[in-house]
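Peer 1: okay, sequence plus prediction incoming.
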Amino acid sequence: MKLHHLRALTAIAEQGSINAAARTLCVSQPAVTRTMRELESEVGVSLITRNSWGVSITDEGRRLLTRARLIVHEFERAEADMAELRGVVGGQLRIGLSPLAGATLIAEAFVPFRSAMPEVAVEFREWNLPKLLDNLRNSRLDFALAAIPGAPPADAFVTCEPLLSFPTAFATRRGSRHASATSFAELQDAEWLHADGTEQFPRYLEAAFARYGLPPPRRITRCTSNLLTSKLLLNVDTVMALTRHVLILDPDSQLVQLNLPEDPPTLQMALLQREGAILSAPSDYFIHCVRQAAFRHRDATLPA
């Protein structure tokens, strides 16, 4: 099993066809086909199946794919490290983030990073927490910054370093029929909006209503589109959990905080890294800039 075998498998998985994988690898389609036959012959199992819309990875192929991605990405990082030692400027950095990270620490950290490392190619990918964790495990991200509700994720392959806490509150648009609500009972028929890619927020909401002797709210809508979420918040009488700093820092906001008997869970902004990952120089410095930005945020006093 050689590196070009694993590169072919990962390219096919990411591109969905042998032709597209060949273009990505800058080789011919027959060369990729031959490489995959060699790999399947060596491992003794079928790794891909052809169908009318392209190529699918078999169960056996997916098992190998997880390790193949790790090996390929670690090899690329090793090449980048050696290039740096030879004095070659550049490199690549892949950072995953949740929306709150993009609105707070990332931009602030990027300014000093870019000043110090102008030649590094940087890629930001915004995903929900489950997808961030998956891409960290597969080594497709160097690290990630994510807002985590409640306890850190229990994941043996990912480390979690809390950086900041963001208290949250329920809010609705100014002038909404829900703006004067002071109890969950008054919000039984409200349109509850959330962007949680897991079931944590719906479970919390059901438990919160139960604590006041109420059945779950009738309408809980998940929306992972930031643009659509903003449109719904400002144009429909929805209720959503937001970080308090959003409301505090914008006194002219079209949103108002609800005075309910309890607030939703505090969000923890956390640095996520693959367990045992060896950081490149750009990764290490960007993380340093992130920690510095988090320190400045902690040092600034925001009203609770």
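Peer 2: Sure, I can see it.
Peer 1: residues of the least confident helix or strand in the chain by mean pLDDT that come out buried?
Peer 2: Ranked by mean pLDDT, DSSP states H and E, the weakest helix or strand in the chain is helix 244-248, scoring a mean of 76. By neighbour count on 16 or more other Cβ atoms under 10 Å, the buried set for helix 244-248 is 244, 245, 246, 247. C-beta here means a position set from N, CA and C on the backbone, and glycine is covered the same way.
Peer 1: other SSEs contacting it?
Peer 2: Here helix 244-248 touches strand 168-173, strand 255-257, going by 3 or more Cβ pairs under 8 Å, 6 or more residues apart in numbering; DSSP states H and E.
Peer 1: again, only using 10 Å
Peer 2: Applying 3 or more Cβ pairs under 10 Å, 6 or more residues apart in numbering; DSSP states H and E, we find helix 244-248 packed against helix 99-103, strand 158-166, strand 168-173, strand 255-257.
Peer 1: just the CA atoms of it, as PDB, please.
Peer 2: The C-alpha coordinates for helix 244-248 follow below in PDB (Å, rounded to 0.1, in the frame of the first residue of the first chain):
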ATOM      1  CA  ARG A 244     -26.300  38.500  24.900                       C
ATOM      2  CA  HIS A 245     -23.400  40.400  23.400                       C
ATOM      3  CA  VAL A 246     -25.400  40.600  20.100                       C
ATOM      4  CA  LEU A 247     -28.100  42.500  21.900                       C
ATOM      5  CA  ILE A 248     -25.700  44.500  24.100                       C
END
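Peer 1: what packs against the helix ranked longest in the chain?
Peer 2: Longest helix in the chain by number of residues (criterion: DSSP state H): helix 59-85. On a contact count with 3+ Cβ pairs under 10 Å, 6+ apart, helix 59-85 meets helix 3-15, helix 29-43, strand 48-51, strand 54-57, strand 92-97, helix 129-137, strand 267-274, helix 281-299.
Peer 1: I'd like to know the average pLDDT value across the fourth one.
Peer 2: Pointing back at strand 54-57 there. In this model, strand 54-57 has an average pLDDT of 85.
Peer 1: hmm, back to that, relative to residue 196, which of the helices and strands packed on helix 59-85 is closest?
Peer 2: Closest approach to residue 196 among these (Cβ to Cβ): helix 129-137, 8.3 Å.
Peer 1: and the chain, what are its domains?
Peer 2: Annotated domains of the chain cover 3-83, 89-166+268-299, 168-265 [automatic domain parsing].
Peer 1: how far does the last one stretch from start to finish?
Peer 2: Looking back up the chat, that one is domain 168-265. Criterion Cα to Cα, to the nearest Å; first-to-last residue distance in domain 168-265 is 7 Å.
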